[in-house]
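Participant: this one's sequence-less:
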């Protein structure tokens, strides 16, 4: 039995302003311990180790309870020295002095992180500065510029100093412990476990089944590393690399980099991904990389690492709840005929660094059980100090607002769709691996055969990519970004050279292939036709959905359900035989354990449940029941509802909308329900406006939220048939407030274009000026016909205390766009640059615009520095200014704010609007002073000079998903105007969250290197929603978090 390591108690002495450093110091100490065999550092902080006690000063009690029992210390200071004590200017200083006076060693660090001007003037900082000056005269101190630097230095210094300070505990040089084959308690058992894990995870085929094609594909042969978006935890990391060369992919990372960076700070990585995005494949990749003797990439672990894999749906429980992690791993081993003891897994988890992969939180259907699993993960990561965790889930399975959350420090990332280049790489890999599994002809050498098949693979992949590029195939092009769907496409294309254009049609074709087509092309008669198999499987899928509410079904019970349908078909069919065929031949079902079946992929079951709903939708209360489940917190019904509505007709659509807007949920849809409603409308092939119009005109059961949702839905439906009812809605004054009345006008204008009704844009443009001249007062709201009637709201000028300088500033009257610029608006600009016909009768020539753009870029205006160089890019303007995410389905919907455009592109858009207007009215980006006043100015108190509100909606309440899109809750931007509760009193939307907005001014007028941004974003934290919050980035940057909003002066020119 190894000797027990010697314990060294190391005090973390610091004031309260370095909380991040304190957390990181503790984590660094944990990492350092993992590399040691004979010594164990115990990090001591007063919050954890002190206890209440009377009769004495607080610092005296802390000294007695903690400080005097420590062997050494780390001191950390930034802007505060702390509360003065009897003998020192602050508690941390007294602790350091006390230790040093008793002969114990201390390392002291001073932060050089940026601070606010207010903090720099604070007496606390002046005392820190004085202490630092005194300390540096008599000892060697260390400074750091970032939190990452602090981590790096501390780890390095511990390696130097601990052996020097405690030489008796280090008989020889401390070495990093690298688990070898003999480190394991039973090497033979470990090897059997690893082999089993490799066999389980190493083959990758359609939906994970090797029976769907006559050959297994190895993960290493076809895997394309997924890229991941950083979550809100990375916002600080972003800020550390804001200044300098533009980085267009600041938050996009490869799998190995994500793991390396995560485990420097956290023990758990949470991976969020849509259905079919490759989450499970990613966990397999991590596992197999760890299992390789000489992996091609490093995941950041020193030496060998033990790896464990568990689907979360397989977690076992007893009466008290879920059993422990070792017990669950032992249960997994029993199911896989290994029978490894619980104690063995316990020893493996305790004895060295391990990676625990927990796949599919969303596949646990019960929300309460999902919450319990989150607590179970917290307990496991707290129990096993040397274990590192990866957890995966669909977005619908992890909802912070619903209490389904990991309430401990962790890194969160989202899986990015396949890029164009990744699609090409995957298709080449997949076809090459598939074709090389065919039998080589005798007359070809290995080399000739490989070259021939590789060439054919490239030809097939190229043909698919060219098919995607055709304008009429936009739908299938977007679907190809989903890894699982791309794999289905690869199989279908190889056989048929044709692909469906909609998701549900793609699943239908895939099922046809699996259930019948493969056998027929091999001259085999399928046991049951594809059509009849669907008739059997669809009711079973719906039964599992609404009765079992579970992805697994008892085999006997499934046989009974199937037999009921089989008995109605021609022929004598046995459910047991059909299930055996569905497992062995088609791969649609899989045997799970010894008693249950489940669908190979959850999405296939959801699709079939939607198919069955189409058959039974007319049954009493069927639609009403669906509405009751609409957007519920578990997300259990979301995909089923989408698949059902994607196969509906206009009668079903109208009936569903009638029930939905008669339900209590429509009084105030949650953000999740709003998103689902938009998806249902988008995916439904046939639509009708009757029910929505009836609900809009219903004056008995109305709310502002319901009216807004109906109007948004009518705008999305884009059917002129709603115009008469919309005019009546306005004429009868049914709108509950001015904002809704203006939204109704927006929808009317949009649908008039559909109906071919034109308004005189020139008269409209001049009408605002005429009104101003007549009354002497500018209009509260104007519309720009060149931006699809975009609304601009008048923000009266005034004075306030600017947050950055704390000085009084004056802002003039200004028209501010109600929303950030949308994709639809911005694409009109790109179409103009591409020479496409305009919707408006405008005399602006592209040549004239280009000349003006180059004149602007070449001007001596300091705010435009770098613009001329930017225009020298060797591509046409339409390509240069086009949104980087215009083909990304998560960011490219018409009403989403445009992202992925540089500051220069935003400025070029403003010039275009100015030249279109032709009335000397300058459209431009706001300055920070103007933006802050528009977002939070206290215009209700014009006689007082005050600071702005905390948030656009007020000083309270604190941010939540009801007010803004932030903290990666939605996983992407949302359509503008989605958060009415977060609007300013004047009606400006999305001033907090959704996208950071480019400002006209430089972040720092002295350096003129980076532009300022305001407003926070969908993937940033709540603090960035403050009206005073700033961001800074190179004007070249085209990040998916950045958009812009336009302003113009008042009075109108």
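Facilitator: Looks like it arrived, so ask away. Remember, it's a predicted structure, so these values are computed and weren't measured experimentally.

Participant: now residue 675: how far from residue 583?
Facilitator: According to C-beta to C-beta, to the nearest Å, residue 675 and residue 583 sit 36 Å apart. (Glycine included, C-beta is placed from N, CA and C.)

Participant: those two: which is more packed in?
Facilitator: A count of neighbours by other C-beta atoms under 10 Å puts residue 675 above the other of residue 675 and residue 583, at 21 against 17.

Participant: for that one, helix, strand, or coil?
Facilitator: helix (DSSP: H, G, I helix; E, B strand; the rest coil).

Participant: that one reaches residue 972, doesn't it?
Facilitator: No: counting by C-beta atoms under 8 Å, residue 972 is not a contact partner of residue 675; they are 9.7 Å apart.

Participant: helices of the stretch 851-1000 of the chain, start to end?
Facilitator: Shown for the stretch 851-1000 of the chain, the helices assigned by DSSP state H, counting those that start in this stretch span residues 867-870, 877-881, 903-917, 928-936.

Participant: tell me the most buried of those helices?
Facilitator: Across these, the average number of neighbours (mean count of other C-beta atoms under 10 Å) peaks for helix 928-936, which reaches a mean of 25.

Participant: give me the contact list for that one.
Facilitator: 795, 797-798, 800, 802-804, 809, 811, 814, 816, 926, 948-952, 984, 988, 991-992, 997, 999, 1001, 1012, 1014-1015, 1027-1028, 1030, 1045, 1047 (C-beta atoms under 8 Å, 6 or more residues apart in numbering).

Participant: just the buried residues from those residues, in ChimeraX please.
Facilitator: Selection command for ChimeraX covering only the buried members of the contacts of helix 928-936, criterion 16 or more other C-beta atoms under 10 Å:
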select :795,797,798,800,802,803,809,811,814,816,926,948,949,950,951,952,984,988,991,992,997,999,1001,1012,1014,1015,1027,1028,1030,1045,1047
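
Participant: please flag which of the contacts of helix 928-936 sit within strands.
Facilitator: 795, 798, 800, 809, 811, 814, 816, 997, 999, 1001, 1012, 1014, 1030, 1047 (DSSP state E).

Participant: let me know the closest of those to residue 710.
Facilitator: Closest approach to residue 710 among the ones in strands among the contacts of helix 928-936 (C-beta to C-beta): residue 816, at 26.8 Å.

Participant: quick check: next helix or strand after the helix or strand harbouring residue 47?
Facilitator: Per DSSP states H and E: residue 47 is located in helix 46-49. Going down the chain from helix 46-49, the next helix or strand is helix 58-65, by DSSP H and E.

Participant: list the buried ones in that next one?
Facilitator: Buried residues in helix 58-65, counted by 16+ other C-beta under 10 Å: 59, 61-63.

Participant: try stretch 525-536
Facilitator: Within stretch 525-536, the residues that count as buried by 16+ other C-beta under 10 Å are 526-528, 530, 532-536.

Participant: domain map for this structure?
Facilitator: 6-169, 199-222+254-416, 417-501, 517-609, 689-758, 781-1049 (automatic domain parsing).

Participant: ok, which of those domains comes nearest residue 671?
Facilitator: domain 781-1049 (5.1 Å).

Participant: quick one: terminal-to-terminal distance for that closest one?
Facilitator: Domain 781-1049 has an end-to-end distance of 13 Å (criterion: C-alpha to C-alpha, to the nearest Å).

Participant: so for residue 404, which of the helices of the stretch 851-1000 of the chain sits nearest?
Facilitator: Across the helices of the stretch 851-1000 of the chain, closest to residue 404 is helix 928-936 (C-beta to C-beta), at 32.0 Å.
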